[in-house]
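Novice: Model the following, please.
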Amino acid sequence: MSRDEAPGRGQIELRHLRALVAVVEEGNFSRAAARLFIAQPALSQQIKFLERELGAPVFLRTSHGVVLTPAGRTLVPRARRALAVVEDGLEAVRLILAGHVARLRIGYPHAGLHPLMQRAIREFGRRRSDLEVTEVAEAFSPELRDQLLSGMLDVAFIRGVSPEHPNLSREIVGQELLTVAVPEGHPLAQEPAIEIDQLARLPFISFPRDRNPAAHDSMTSGLRTSATEPRIGPPALTFEAMHAAIRSGAGYTLLTGEQACSLSNRGIAFRPPAEPITLPIALEWRTDGPVELVRSFVSFTSRLARRSLSD
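Specialist: Predicted structure coming up:
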């Protein structure tokens, strides 16, 4: 065996998976070869290559045909799923190119999807059979705005209210309640709710402001009172660094509900602020983009948000 043919080099292609599935479904090599419009020796070579890459046989040859080995039984359903995903993608592209499917490319914040965002994306896509909704970007707000302006996105959820841009339109569709995250052993962790003044001596740990100036400013504004200013601590470059800093007692932060849920029982206590601190959720879109489709999505999301508030 040559070095290029060594097992596990990641050279398996779609044709090898198609060959595997065809042999399984046809029951023997000759019918599978006819179905794939290739000669039987070529089919046998593809199966041998697949087995060589796996380092195990996928079939046992018998007088009655072929029987899957444990390795084959493990691979076949996954091969079918992989082929189905590829075919779905190709069909979606064909429909789009033929003008039969509208496409809505949605961006969302790096901090994760608020339930409103999840419901809007999921339910709007279900309403129209001629629509492909694609979640194509997870990024900080300045990057999402850049992708809107460059045409890579049609619409994006933005946390906070960014400065107005002449080529972008915006609508506030919701408010996200924030919770205070403090070290589990800190005295404030025993409070049922935390007064903002009680945080004055602790550093506020967050991402660098330039990651999302609007969200950062909304949070610091919520932490400002007539008597105190938030004490800004050193920025954290990743969620992991932020959480480690809080667990170590270096300060506190404000988190969305989704972020707080992901950190349960990890040395951090979550308490509501005595006065609610909220972060606006906005939708932004390019003024010269697919306006009718985007406005339909914005209106649907706004209605969904109002309905959620009344439930």
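
Novice: where do the helices sit along the stretch 201-311 of the chain?
Specialist: 213-222, 239-247, 257-262, 291-310 (DSSP state H, counting those that start in this stretch).

Novice: Report all helices and strands that the shortest one contacts.
Specialist: When you say that, I think you mean helix 257-262. Applying 3 or more CB pairs under 8 Å, 6 or more residues apart in numbering; DSSP states H and E, we find helix 257-262 packed against strand 179-183. Quick note: C-beta positions are derived from backbone N, CA and C, even for glycine.

Novice: Determine the set of other helices and strands touching the strand it packs on.
Specialist: Counting contacts by 3+ CB pairs under 8 Å, 6+ apart, strand 179-183 packs against helix 239-247, strand 253-255, helix 257-262, strand 268-271.

Novice: Need the winner for burial among the ones you listed.
Specialist: strand 253-255 (a mean of 24; mean count of other CB atoms under 10 Å).

Novice: Partner strands of that strand, with direction?
Specialist: Using DSSP bridges, the strands paired with strand 253-255 are strand 179-183 (antiparallel).

Novice: could you check the angle helix 239-247 makes with the strand it pairs with?
Specialist: Orientation check (axes from the mean of the first three to the mean of the last three CA atoms, to 10 degrees): strand 179-183 against helix 239-247 gives 60 degrees.

Novice: what sits up against strand 179-183?
Specialist: Taking contacts as CB atoms under 8 Å, 6 or more residues apart in numbering, the residues outside strand 179-183 that touch it are 188-189, 194, 199, 202, 246-249, 252-257, 260, 263, 267-273.

Novice: Now name the helix or strand holding the closest residue to residue 43 other than its chain neighbours.
Specialist: The shortest distance from residue 43 to any non-neighbouring residue, by CB to CB, 6 or more residues apart in numbering, is to residue 33 (4.4 Å). Residue 33 belongs to helix 29-36 when assigned by DSSP states H and E.

Novice: about what we covered before: quick one: the helices of the stretch 201-311 of the chain as JSON lines, columns for mean pLDDT too.
Specialist: What follows is the helices of the stretch 201-311 of the chain, written out as JSON lines (pLDDT from 0 to 100):
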{"stretch": "helix 213-222", "mean pLDDT": "90"}
{"stretch": "helix 239-247", "mean pLDDT": "88"}
{"stretch": "helix 257-262", "mean pLDDT": "75"}
{"stretch": "helix 291-310", "mean pLDDT": "79"}
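
Novice: Near the closest residue to residue 220 other than its chain neighbours, how many other residues are there?
Specialist: Leaving aside its chain neighbours, residue 220 sits nearest to residue 230 (5.2 Å; criterion: CB to CB, 6+ apart). When neighbours are counted by other CB atoms under 10 Å, residue 230 registers 21.

Novice: Residue 212 versus residue 230, what's the distance?
Specialist: 16 Å (CB to CB, to the nearest Å).

Novice: Quick one, grab the pLDDT at residue 198.
Specialist: Residue 198 carries a pLDDT score of 93 in this model.

Novice: make that residue 98, sorry
Specialist: Listed pLDDT for residue 98 reads 66.
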